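Student: sequence and predicted structure below; questions after.
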Amino acid sequence: MKRRTVLGVILATAAFAQVSMAQDKLVTVGTSIDSKPFDFMQDGKFMGFDQDLLAEIAKEAGFKYKVNAMDFGALIPALQTANIDLAISSIFMTDARKKVVDFSDVYYTSALGILVAADNATIKAGADLAGKGVASVTGAASTTWLKENVPTAKVTLFPQVTNMFMELQAGRADAVVYDYPFLAYYAQTEGNGKVKVIEKPVGDGIPVGIAFPKGSSLVAKTNEALKKIRADGRYDTIYKKWFGKVSG
């Protein structure tokens with residue numbers, strides 16, 4: 001009888017230790033840091049809308065995490081090989097990505113946009129990109145849109161957002177096609193007076209989610225945390241901080 005009791009205690013202790021280890025496990029996060037105002041580095045710290053939201057999600061879900069800066073095109077492959085536990089970097093929830101990773105509930109709705117030089121008077125819509133030199137980012141949804149809608153565009157892909165902006169300003173590209181919020185933010189800040197964003201987005205609104213390896217237990221925890229953050233007003237506070245007004 002004593003042996004059974006002792007064995008039961010040992011098993012219970014081992015189970016508790018496993019649960020504790022699981023809870024204490026450091027969650028590895030991948031993000032692309034040249035994506036203002038969503039993800040960027042400032043004074044050695046990860047900043048942006050995504051990073052503020054992630055901090056609240058982690059607090060609500062009860063996990064600790066570390067962020068690894070990565071090229072955007074490396075995020076999905078890193079999830080597929082389980083080198084990271086989640087990726088947050090304004091990732092569009094496309095059908096192709098849903099086949100290889102799991103997503104949280106939608107936390108933002110974005111769209112694609114076109115950025116051109118401030119004095120450009122020939123590109124006013126997506127159709128005007130035909131035959132033009134266009135810069136974008138490897139692995140981004142914009143590459144699919146360009147192939148399907150402007151197949152004659154001469155597309156050059158770069159690993160980072162800053163590269164495509166440099167290509168445009170150097171005159172080696174006629175336009176940049178990428179996520180509208182990034183382009184609008186850049187046009188109002190570093191690119192002010194040098195570039196302009198075409199007012200009307202191209203394509204339809206695209207849902208944005210946090211990505212995880214297939215079958216991750218973090219998906220449910222993240223979704224529950226998102227619901228609470230939206231309900232108590234924290235989401236609106238973060239949104240207003242980075243975009244100036246609460247989403248409708």
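Tutor: Looks like it came in fine.

Student: nearest residue to Ala118 other than its sequence neighbours?
Tutor: Excluding its sequence neighbours, the residue lying closest to Ala118 (CB to CB, 6 or more residues apart in numbering) is Lys196, at 5.2 Å. Quick note: C-beta positions are derived from backbone N, CA and C, even for glycine.

Student: residues near that neighbour, how many?
Tutor: When counting by other CB atoms under 10 Å, one arrives at 18 neighbours for Lys196.

Student: got the contact list for whichever helix or strand it is part of?
Tutor: Assessed by DSSP states H and E, Lys196 sits inside strand 195-197. Residues from elsewhere that reach strand 195-197, judged by CB atoms under 8 Å, 6 or more residues apart in numbering: 113-118, 120, 165, 168-169, 180, 183-184, 186-187.

Student: so which of these belong to strands?
Tutor: Gly113, Ile114, Leu115, Val116, Ala117 (DSSP state E).

Student: would a markdown table of those with pLDDT, distance to Val219 and neighbour count be doable?
Tutor: As requested, these are arranged in a markdown table below (pLDDT from 0 to 100; distance: CB to CB, whole Å; neighbours: other CB atoms under 10 Å):
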| residue | pLDDT | distance to Val219 | neighbour count |
| --- | --- | --- | --- |
| Gly113 | 94 | 29 | 24 |
| Ile114 | 97 | 34 | 27 |
| Leu115 | 97 | 34 | 26 |
| Val116 | 98 | 39 | 24 |
| Ala117 | 97 | 42 | 17 |
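
Student: can you tell me which of the residues you listed is nearest Pro213?
Tutor: Gly113 (30.2 Å; CB to CB).

Student: just name the shakiest helix or strand of the protein by mean pLDDT.
Tutor: Sorting the helices and strands of the chain by mean pLDDT, DSSP states H and E puts helix 2-24 at the bottom, at a mean of 45.

Student: can you give me the helices for the chain?
Tutor: Assignment of helices within the chain using DSSP state H yields the ranges 2-24, 49-61, 75-80, 95-98, 141-149, 161-169, 180-188, 218-231, 234-243.

Student: quick one: average pLDDT of stretch 41-53?
Tutor: Averaged over stretch 41-53, pLDDT sits at 96.

Student: now stretch 64-79
Tutor: 96.

Student: that one: how far from the chain's middle?
Tutor: 10 Å (CA atoms, centre = their mean, to the nearest Å).

Student: measure it end to end?
Tutor: The first and last residues of stretch 64-79 sit 18 Å apart, counting by CA to CA, to the nearest Å.

Student: before we move on, what about stretch 136-154?
Tutor: 11 Å.

Student: shaky segments in this structure?
Tutor: For the chain, applying pLDDT under 70 flags the ranges 1-24, 244-248.

Student: how does it look with 50?
Tutor: Scanning the chain with the threshold set as pLDDT under 50 gives 2-22, 247-248.

Student: correct me, but Lys241 touches Gly48?
Tutor: No: using CB atoms under 8 Å as the test, Lys241 is too far from Gly48 to be in contact (10.0 Å).

Student: which one of these two is surrounded by more residues?
Tutor: Between Lys241 and Gly48, Gly48 has the larger neighbour count (other CB under 10 Å), namely 23 against 11.

Student: from Val219, how far out is that one?
Tutor: 22 Å (CB to CB, to the nearest Å).

Student: please apply the same query to Ile33.
Tutor: Applying CB to CB to Ile33 and Val219 gives a distance of 24 Å.

Student: pick out whichever of these two has more residues nearby.
Tutor: Set Ile33 next to Val219 and count neighbours by other CB under 10 Å: Ile33 wins out with 23 against 20.

Student: report the contact partners of that one.
Tutor: So Ile33 contacts Asp39, Phe40, Met41, Phe46, Ala69 (CB under 8 Å, 6+ apart).

Student: quick check: closest non-adjacent residue to it.
Tutor: Going by CB to CB, 6+ apart, Ile33 has Ala69 as its nearest residue, at 4.6 Å.

Student: if anything else comes up later, I'll come back, but that's it for now.
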